[in-house]
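In: Build me a model:
(one chain, ligands or ions: 2)
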Amino acid sequence: MPDLAPFIRGLPKTELHMHVEGSIEPEMMFALAERNGVDLKWDSPEALRAAYEFSDLKSFLDLYFEGCRVLVSERDFYDVTMAYLGRAVRDGVVRAELFLGPQSFTDRGVPMASILKGIFGAITDAKRDIGISAGLMVSAHRHRSEAEAMELLDQIMPWADQILGIGMGGAEVGNPPSKFKSFFLECRNRGFRTTIHAGEEGPASYVREAIEVLQVDRIDHGNACLSDSALTKEIADRRIALTVCPLSNVRLKVVPRLDVHPLRTMLKANLLVTVNSDDPPYFGGYVSENLIECQKALALSKAEIVRLVRNGFEAAFITSEERSQYLAAVDDFASF
Ligand code: ADE
Ligand code: ZN
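Out: Ligands and ions are numbered 1, 2, ... in the order given. Model prediction:
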């Protein structure tokens, strides 16, 4: 098999599942901590990087929420978003849909306006200066109450027309999608697209609830659906996208190794599966590395890589004209 890494890096790609607060590289984490007078429990970026050893989702979330403490001002949210978008452009990403969970910050007194204006400012400037198209998905925490999620929804309404959609992450097991039935109904009634993390550590029944009870537009992760063949078929038939994050799955022990990752099974099952980075510094790679590592570990063909990348544009929250243009650009690149 020829080395497909240069091809993968050059392909125009999407990123549909990443968390802005999970994209802070250790050096930036220390710079922001110093700027804001925040004490970190590590001595150096190297020590922080060495702490990236996770046994499960919970052990990761503990460290991730600790890192959130360094984001305080509008400028911080701008800088971290801009740093990610710059990195994404170098990775060949042309369309990025970014999650951020405001509750980690508003809890500590950070105004919603600082969070959203910082992120929107970076999205606008990045489009103008480096040509990447991006949008924000506001994410709620599933380990908090539904009332808190509703409060979050009310707080973001002044910016509703600039928000791409609403997602949900956090500790999955014990917090099934059905806990947020009224919240998701309200999001949809207010015109938002919706996604939820489901079937990462949780069972197939959580994925079923996500599509049947919450009626979300996309599933983030979704791995567990494969243990229910009727559900897998339903998701494939309805073209509900799964935003899968292979390196995250390995680091969080959702799968033991990349060579047994279900990505190829998902393709074979005709699922609209996409490859994404989740929290890139924590899990060891951006979108290209996720694709390159999967290509090697699973011996994916060039055609399978193109299919995964095309799926990203099929699943993106963009207009049909944009979709056609992006898909034509992928096909042009792939046919050389
Ligand atoms: N927040 C950031 N990354 C997450 C993940 N992989 N699962 C759930 N919540 C998250
Ligand atoms: Zn995630």
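In: contacts, neighbours, all on C-alpha from now
Out: Will do.
In: Contact partners for the closest residue to Val80 other than its chain neighbours?
Out: Using CA to CA, 6 or more residues apart in numbering and skipping residues adjacent in sequence, the residue nearest Val80 is Ile24, 6.5 Å away. Contact analysis of Ile24 by CA atoms under 8 Å, 6 or more residues apart in numbering lists 80, 84, 281.
In: Kindly report the residues of the chain close to ligand 1.
Out: Remark: the part of the chain in contact with ligand 1 comprises 19, 169-170, 278-279, using CA under 6 Å from any ligand atom.
In: Go again with 8 Å.
Out: Within the chain, the positions adjacent to ligand 1 are 18-19, 22, 57, 61, 64, 141, 168-172, 197, 200, 248-249, 252, 278-279 by CA under 8 Å from any ligand atom.
In: Can I have the buried ones of the residues you listed as a PyMOL selection?
Out: Buried members of the residues of the chain next to ligand 1, defined by 16 or more other CA atoms under 10 Å, are picked up in PyMOL with:
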select buried, resi 18+19+22+57+64+141+168+169+170+171+172+197+200+248+249+252+278+279
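In: Now intersect the residues of the chain next to ligand 1 with the strands, please.
Out: Per DSSP state E, strands hold the following members of these: 18-19, 141, 168-169, 197.
In: can you put the contacts of Ile24 in a markdown table and add neighbour count and pLDDT?
Out: Formatted as a markdown table, those follow (neighbours: other CA atoms under 10 Å; pLDDT from 0 to 100):
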| residue | neighbour count | pLDDT |
| --- | --- | --- |
| Val80 | 24 | 98 |
| Tyr84 | 23 | 98 |
| Pro281 | 16 | 98 |
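In: nearest to ligand 1, of those residues?
Out: Proximity of those to ligand 1, judged by CA to the nearest ligand atom, is greatest for Pro281, which lies at 11.5 Å.
In: Could you list every helix and strand that the helix or strand hosting the closest one packs against?
Out: For Pro281, the element it lies in under DSSP states H and E is helix 280-283. The helices and strands touching helix 280-283, judged by 3 or more CA pairs under 8 Å, 6 or more residues apart in numbering; DSSP states H and E, are helix 246-251.
In: what is the mean pLDDT for the helix it packs on?
Out: Mean pLDDT, helix 246-251: 98.
In: now for that helix, which elements pack on it?
Out: Using 3+ CA pairs under 8 Å, 6+ apart, helix 246-251 sits against helix 280-283, helix 287-298.
In: before we move on, back to that, what's the pLDDT at the residue nearest to Val80?
Out: Note for Ile24: predicted pLDDT of 98.
In: Three-state assignment for it, please.
Out: Here Ile24 is coil, with the state taken from DSSP: H, G, I helix; E, B strand; the rest coil.
In: returning to that earlier point: show me which pair in the ones in strands among the residues of the chain next to ligand 1 is furthest apart.
Out: Met18 and His141 (15.0 Å; CA to CA).
In: ok, which stretches of the stretch 151-300 of the chain are strands?
Out: Taking DSSP state E, counting those that start in this stretch as the test, the strands found in the stretch 151-300 of the chain are 163-169, 193-198, 218-221, 241-244, 273-275.
In: for those strands, which one ends up most surrounded?
Out: Mean neighbours per residue, mean count of other CA atoms under 10 Å, is largest over the strands of the stretch 151-300 of the chain for strand 273-275, with a mean of 30.
In: Run through who's touching the top helix by length along the chain.
Out: As assigned by DSSP state H, the longest helix anywhere in the chain is helix 112-130. Identification of contacts with helix 112-130 by CA under 8 Å, 6+ apart yields 73-79, 81-82, 85-86, 89, 102, 106, 132-136, 155-156, 162.
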